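> one predicted model, sequence on top.
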Amino acid sequence: MINITKLYPDICKYNSCLKRAVYKFINTKQKDTLVEILTKTKATIGYSCEHHVEEVNKLLKEIYEDNVDKQDRKTMIESLMKVGLYKKLLDSLKDEKINALYELIGWAAPVFEKPKLTEEAEA
């Protein structure tokens, strides 16, 4: 017995282009899902025709890349300094490393803060 499956062509994701895609975009920086680990494949995040490769690439970068705001980075560095990491070291790290460190140990920062005394506690 032969199984027949209808193929659906991938189309360009740029505005209303709708031409047949010849390029596939894969996010290689994302965290692997269980399915991707088991099948050793990465999730496809977009397609483009030969005319819109750069445009679709730019669009997907805006959506999927982790761009840390300067204020967020400053806040994360301040928290990481409270747990004992040096500012010089933190300043030398890229945004993704700061973000990863903050996710790992940033939760502990409040433990290292000096307690704030209220007027009632002083009285």
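Cool, the structure landed. Residues are numbered from 1 along each chain as shown.
> now do the buried residues in stretch 79-92.
Using 16 or more other CB atoms under 10 Å as the burial criterion, the residues of stretch 79-92 that qualify are 79-80, 82, 85, 90. All C-beta spots, glycine's among them, are computed from the backbone N, C-alpha and C.
> alpha carbons of that stretch, as CSV, please.
Only the C-alpha atoms of stretch 79-92 are listed here, as CSV (Å, rounded to 0.1, in the frame of the first residue of the first chain):
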residue,chain,number,x,y,z
SER,A,79,20.9,42.6,41.2
LEU,A,80,23.8,40.4,40.3
MET,A,81,26.3,42.6,42.1
LYS,A,82,24.2,42.2,45.3
VAL,A,83,24.9,38.4,45.2
GLY,A,84,28.7,39.1,44.9
LEU,A,85,29.5,39.3,41.2
TYR,A,86,31.9,42.1,40.2
LYS,A,87,30.8,45.0,38.0
LYS,A,88,33.9,44.8,35.8
LEU,A,89,33.1,41.1,35.0
LEU,A,90,29.4,41.8,34.4
ASP,A,91,30.1,44.8,32.1
SER,A,92,32.3,42.6,30.0
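> which residues sit against stretch 99-116?
Identification of contacts with stretch 99-116 by CB atoms under 8 Å, 6 or more residues apart in numbering yields 66, 68, 76, 79-80, 82-85, 90, 93.
> quick check: buried residues in that stretch?
99, 101-102, 106, 109.
> the closest residue to Met76 other than its chain neighbours and Lys94, how far apart?
The shortest distance from Met76 to any residue other than its chain neighbours is 4.3 Å, reached at Tyr102 (CB to CB, 6 or more residues apart in numbering). Here the criterion is CB to CB, to the nearest Å. By it, Tyr102 lies 13 Å from Lys94.
> do Leu18 as well
For Leu18, the distance to Lys94 equals 38 Å [CB to CB].
> mind putting the buried residues of stretch 99-116 into JSON lines with distance to Lys6, pLDDT and secondary structure?
Converted to JSON lines, the buried residues of stretch 99-116 look like this (distance: CB to CB, whole Å; pLDDT from 0 to 100; DSSP: H, G, I helix; E, B strand; the rest coil):
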{"residue": "Asn99", "distance to Lys6": "42", "pLDDT": "81", "secondary structure": "helix"}
{"residue": "Leu101", "distance to Lys6": "48", "pLDDT": "87", "secondary structure": "helix"}
{"residue": "Tyr102", "distance to Lys6": "47", "pLDDT": "85", "secondary structure": "helix"}
{"residue": "Gly106", "distance to Lys6": "49", "pLDDT": "80", "secondary structure": "helix"}
{"residue": "Ala109", "distance to Lys6": "54", "pLDDT": "80", "secondary structure": "helix"}
